[in-house]
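Asker: Let's see this in three dimensions:
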Amino acid sequence: TTYEWSTFEALENTIVLVNSTPPQKLVAPFGSYTFDLPEGSYAIRAEYYRGNLLEYCAEEEITIVGDGDFVLDLLMFPPIEDVYLCEDINLSEDIFDYEELLEDEEDSMVLLYATGILSVLAIIAALFLWKRGKKGDGKRGTEGIDETDETDGKEDYGYEPPEPEPEAPEESEEPVKRGELEPEGAESAIPSDLQEVLSIIRGRDGRIAQKDLRLRLNCSEAKASLMITDLEDRGLVKKVKKGRGNVIILTDL
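Answerer: Sure thing, here's the model as predicted:
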């Protein structure tokens, strides 16, 4: 019987071939197939098409010794064609583009932190100047009163204008600004292209064939492999060998 790799459901109308002499081929309406074969070594291949496109395939080599009935279930995976591994791949160009992207991300983080620090310093300087201006206005006001009215001057001589209270905002302003920067810095630690990869995998219930992931990203096989390796190093995904291809699985499942 032929089964789909992720749901383990039987695939209907599967084409099953065996390289006997002469070759045998049949269509399994409900996924089940049967061949009569003499002793020897054979390769059994199953293919499942949707429209005119090959969607799943499986191939197994068997050796028959003696008479009897033998059961061979085939777990079918999306195909990985050799053309995708060799055609239109420029490894040096892809690696260079990826490294350049990482450098741009680092430059953006540095610029973000620098802008935040300058903003905090500007706020502190503005509060300091505002505080000095308020003190100067209060002092000039008491001097004018002394010149016009001696009695009032005596009453107001010891008067100190109420101190503005910028100290509390001044102390809380800097942590607030820095706190606002920290989430952005943490979020930008993962590049946007890697976030897109994680989003695609989550959309497929936490697992996806590497070929399907590459097609959704619309990039070369080499670039897709580099991004998957980066996510593996960060401990966010793991790669499992399935048949002729790989399945990418989220580690937080």
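Asker: where does the stretch 151-253 of the chain dip in pLDDT?
Answerer: 151-188, 253 (pLDDT under 70).
Asker: just the strands in it please.
Answerer: Ranges of strands in the stretch 151-253 of the chain, per DSSP state E, counting those that start in this stretch, are 207-209, 237-242, 245-250.
Asker: Tell me which of those strands sits most buried.
Answerer: The highest mean neighbour count among the strands of the stretch 151-253 of the chain, using mean count of other C-beta atoms under 10 Å, belongs to strand 207-209: a mean of 20. For every residue, glycine as well, the C-beta is placed using N, CA and C.
Asker: And the helices in this protein?
Answerer: 82-86, 91-148, 150-157, 167-187, 192-203, 210-217, 221-233 (DSSP state H).
Asker: Redo the strands of the stretch 151-253 of the chain as a markdown table? Include distance to Tyr48.
Answerer: As requested, the strands of the stretch 151-253 of the chain are exported to a markdown table (distance: least, C-beta to C-beta, whole Å):
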| stretch | distance to Tyr48 |
| --- | --- |
| strand 207-209 | 14 |
| strand 237-242 | 16 |
| strand 245-250 | 15 |
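Asker: Would you map out the domains in the protein?
Answerer: 2-79, 110-182, 192-250 (automatic domain parsing).
Asker: how about a markdown table for these, with distance to Asp104 added?
Answerer: As requested, the domains of the chain are exported to a markdown table (distance: least, C-beta to C-beta, whole Å):
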| stretch | distance to Asp104 |
| --- | --- |
| domain 2-79 | 33 |
| domain 110-182 | 11 |
| domain 192-250 | 10 |
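Asker: Out of the ones you listed, which one sits most buried?
Answerer: domain 192-250 (a mean of 16).
Asker: ok, Ile228 - contacts?
Answerer: Counting by C-beta atoms under 8 Å, 6 or more residues apart in numbering, Ile228 touches 197, 210, 213, 237, 239, 248.
Asker: scratch that, Thr14 is what I was asking about
Answerer: Thr14 makes contact with 2, 27-28, 31, 33, 46-48, 76 under the criterion C-beta under 8 Å, 6+ apart.
Asker: okay if I get those as a markdown table plus distance to Asn218?
Answerer: Shown next, in a markdown table, are the contacts of Thr14 (distance: C-beta to C-beta, whole Å):
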| residue | distance to Asn218 |
| --- | --- |
| Thr2 | 30 |
| Val27 | 34 |
| Ala28 | 34 |
| Gly31 | 33 |
| Tyr33 | 36 |
| Ala46 | 29 |
| Glu47 | 26 |
| Tyr48 | 25 |
| Met76 | 25 |
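Asker: and which of the residues you listed is nearest Val18?
Answerer: Checking the contacts of Thr14 against Val18 with C-beta to C-beta, the nearest one is Tyr33 at 9.2 Å.
Asker: about what we covered before: select, from the contacts of Ile228, the two members most distant in space.
Answerer: Longest span within these, C-beta to C-beta: Val197 and Lys239, 12.3 Å.
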